[in-house]
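Student: Structure for the following, please:
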Amino acid sequence: MAAAIEVGVDSPAGAAAALRSTRAIRERAGLLTDRARAGDSRWFTVHDDALDAAAELVADITRRNYPDLQVPFHSRWRHFEAGGVDRRAGLLSRADATALVDLTVVSVLLDAGAGPSWSYVEPGTALRLTRSEGLGVASFHAFTAGLFSSDPHDPLRVDAAGLAALTEQRLAQAFQVDGTNPLVGLDGRVAILHRLSAVTAADPETFGAVGRPGGLLDAVGGRSARASDLLSTVLNSLAPIWPGGSMIGDQPLGDCWRHSALEGPGLTAGWMPFHKLSQWLTYSLLEPFDWSGVAVTDLDELTGLPEYRNGGLLLDTGVLRLRDSADSVRSVSVADELVVEWRALTVMLLDELAPLVRRRLGVDAEQMPLARVLEGGTWAAGRALAQQLRGGLPPLSIVSDGTVF
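Tutor: Numbering: from 1, shown residues only. This is a model prediction of the structure:
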């Protein structure tokens, strides 16, 4: 571990700060990947000879979805386009830049696995949407209806008081949840928005007097920002919203989990960081920032997203294989070492897969950064394989609280 990472790691605050970087994610994921390749993983074997076939599949799906190879960013805004409906156009004519960031933040925080039984029927179009698209469109309409605003005369905003007033019943109504249409982790979604309310209310310097998540736009500052700096702003500003299970002392770590094979300096020992939702939020903020005149650069500083579509692609193409096939049917949680390692291997193998995909498409990293490879891409290929093999279910049976998967 480099000296810059080691500074202050004997204190909870210093250790938490050291784990809030994509550098730490890649370093530790790399250690677990090397270990698995050496045959020392309890859970997985890595089959490098399957990478080419996986890359070919991803390239084929990218060409099919985007024949001109004009692939947009992997972003929550893609879900707002579900069913070929341009919902953004109407919103852009009515909402300012802060409102667009408000929407992005709250929608991303509501975006975890919906479960196989939930769907959303969109008013006006009558489209029945499921999973991420359904959650995205449901959150879009909840936002435009003013569900997250405390001011009925200004519905197109998210503020601390509006979030604090949110109840499970109100969110269930907005997302059409009932006994026949259950949504996984409804209580977890409400809880994370309540924590967002507390964080934005407690930090008026970042989020303004009424506590708007859109304050992130001004917090970054300037006309350009590196992707890693935007992620750092997200992680540092929103750190207290994450569930309290992963802590070093009094410091919430968010999407960081224990793995027995990881060492590391000071209090960082044993922790594997991912920050999946924070990175998903950062990817999703690229377009609203650009629309407001702030260019985000160095996109490949962000990692691939360690979630069940990308991780599922690697299992379903045989790049990763379970040592014990029984692990595919037993219930596991995000804290289980098997899941922690699966996600870590996913991060590193996506880094290796991306240049193979680009080579097949005849593009370079500038034309197709990881943010576009994911969209083109690995996420779509993972979903397609899951649909073919298991009716859309992931390859592992993950018990979700609605905040990570």
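Student: residue ranges with poor pLDDT in the chain?
Tutor: 1-7, 243-245, 400-405 (pLDDT under 70).
Student: hey, where'd the strands end up in it?
Tutor: Ranges of strands within the chain are 44-46, 119-121, 128-130, 224-226, 247-248, 251-252, 256-258, 271-273, 295-297, 320-322, 331-333, 397-399, based on DSSP state E.
Student: any idea which of those strands is most buried?
Tutor: Each of the strands of the chain was scored by mean neighbour count; the highest is strand 271-273, a mean of 25, by mean count of other CB atoms under 10 Å. For every residue, glycine as well, the C-beta is placed using N, CA and C.
Student: hmm, back to that, so which of the strands of the chain comes closest to A16?
Tutor: Between A16 and these, the shortest separation by CB to CB is 3.9 Å, and it involves strand 251-252.
Student: coming back round to it: for the strands of the chain, which one sits closest to G162?
Tutor: That would be strand 119-121 among these, by CB to CB, at 21.1 Å.
Student: That closest one packs against which elements?
Tutor: Strand 119-121 sits against strand 128-130, helix 131-144, with contacts defined as 3 or more CB pairs under 8 Å, 6 or more residues apart in numbering; DSSP states H and E.
Student: can you tell which of the strands of the chain is closest to E27?
Tutor: Comparing those by CB to CB, strand 271-273 comes nearest, at 9.7 Å.
Student: If you count contacts, what does that closest one end up packed against?
Tutor: Using 3+ CB pairs under 8 Å, 6+ apart: strand 271-273 touches helix 22-37, strand 256-258, helix 337-361.
Student: Try it again at 7 Å.
Tutor: The contact analysis (3 or more CB pairs under 7 Å, 6 or more residues apart in numbering; DSSP states H and E) places strand 271-273 against helix 22-37, strand 256-258.
Student: Out of those, which is closest to Q388?
Tutor: helix 22-37 (26.0 Å).
Student: Next, the buried residues of the closest one.
Tutor: 22-29, 31-33, 35-37 (16 or more other CB atoms under 10 Å).
Student: all helices for the stretch 1-150 of the chain, in order.
Tutor: With DSSP state H, counting those that start in this stretch as the criterion, the stretch 1-150 of the chain has helices at 3-6, 12-18, 22-37, 51-65, 76-79, 87-92, 97-109, 131-144.
Student: among the strands of the chain, which is nearest V108?
Tutor: strand 295-297 (15.5 Å).
Student: that older thread, closest to S260 out of the helices of the stretch 1-150 of the chain?
Tutor: helix 22-37 (10.7 Å).
Student: what's the spacing between the closest residue in space to E337 that isn't next to it in sequence and V373?
Tutor: Distances taken as CB to CB, 6 or more residues apart in numbering put H259 closest to E337, at 5.7 Å, once the chain neighbours are dropped. As judged by CB to CB, to the nearest Å, H259 and V373 stand 26 Å apart.
Student: can you check V71 too?
Tutor: Distance, V71 to V373, by CB to CB: 8 Å.
Student: Now for those two: what residues contact both?
Tutor: Common contact partners of V71 and V373 (CB atoms under 7 Å, 6 or more residues apart in numbering): none.
Student: quick one, which of those two is more surrounded?
Tutor: More crowded of V71 and V373, by other CB atoms under 10 Å: V373, with 29 against 21.
Student: who are the neighbours in contact with the more buried one?
Tutor: Contacts of V373 by CB under 7 Å, 6+ apart are A354, V357.
Student: do T200 as well
Tutor: Going by CB under 7 Å, 6+ apart, the list of residues near T200 reads A160, F207, G211, R212, P213.
Student: thinking again about what came up before, would you format the buried residues of helix 22-37 as TSV with distance to W342 included?
Tutor: Shown next, in TSV, are the buried residues of helix 22-37 (distance: CB to CB, whole Å):
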residue	distance to W342
T22	19
R23	21
A24	18
I25	14
R26	16
E27	18
R28	14
A29	11
L31	15
L32	10
T33	11
R35	14
A36	10
R37	15
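Student: which among the residues you listed gets closest to A16?
Tutor: Nearest member of those to A16, counting by CB to CB, is A24, at 10.8 Å.
Student: Quick check: chain neighbours aside, which residue is closest to that closest one?
Tutor: P273 (5.4 Å).
Student: Would you check that the one you found makes contact with R26?
Tutor: No - in this structure P273 lies outside contact range of R26 using CB atoms under 7 Å: 10.0 Å.
Student: re the thing from before, for L217, state which of the buried residues of helix 22-37 is nearest.
Tutor: Closest to L217, out of all of the buried residues of helix 22-37 and judged by CB to CB, is T22, at 21.3 Å.
Student: contacting residues for the closest one?
Tutor: Here T22 is in contact with S228, L231, E301, L302, T303 (CB under 7 Å, 6+ apart).
Student: re earlier: output the strands of the chain as TSV; include the columns distance to V9.
Tutor: Formatted as TSV, the strands of the chain follow (distance: least, CB to CB, whole Å):
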stretch	distance to V9
strand 44-46	28
strand 119-121	44
strand 128-130	43
strand 224-226	23
strand 247-248	10
strand 251-252	12
strand 256-258	14
strand 271-273	11
strand 295-297	29
strand 320-322	31
strand 331-333	27
strand 397-399	30
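Student: which stretch among those strands comes nearest G84?
Tutor: strand 128-130 (11.8 Å).
Student: Given that closest one, what are its sheet partners and their directions?
Tutor: strand 119-121 (antiparallel) (DSSP bridges).
Student: from the middle of its chain, how far away would the strand it pairs with be?
Tutor: 22 Å (CA atoms, centre = their mean, to the nearest Å).
Student: what's the answer for stretch 43-53, then?
Tutor: 24 Å.
Student: Name the residues of that stretch that come out as buried.
Tutor: Applying a neighbour-count criterion of 16+ other CB under 10 Å, one finds W43, F44, V46, L51 buried in stretch 43-53.
Student: Tell me the spacing between the residue in the chain sticking out farthest from the centre and G146.
Tutor: Going by CA atoms, centre = their mean, the residue of the chain most distant from its centre is H153, 31.9 Å out. Here H153 is placed at a distance of 9 Å from G146 (CB to CB).
Student: for E122, same thing?
Tutor: Plainly put, E122 is 18 Å away from G146 if you go by CB to CB.
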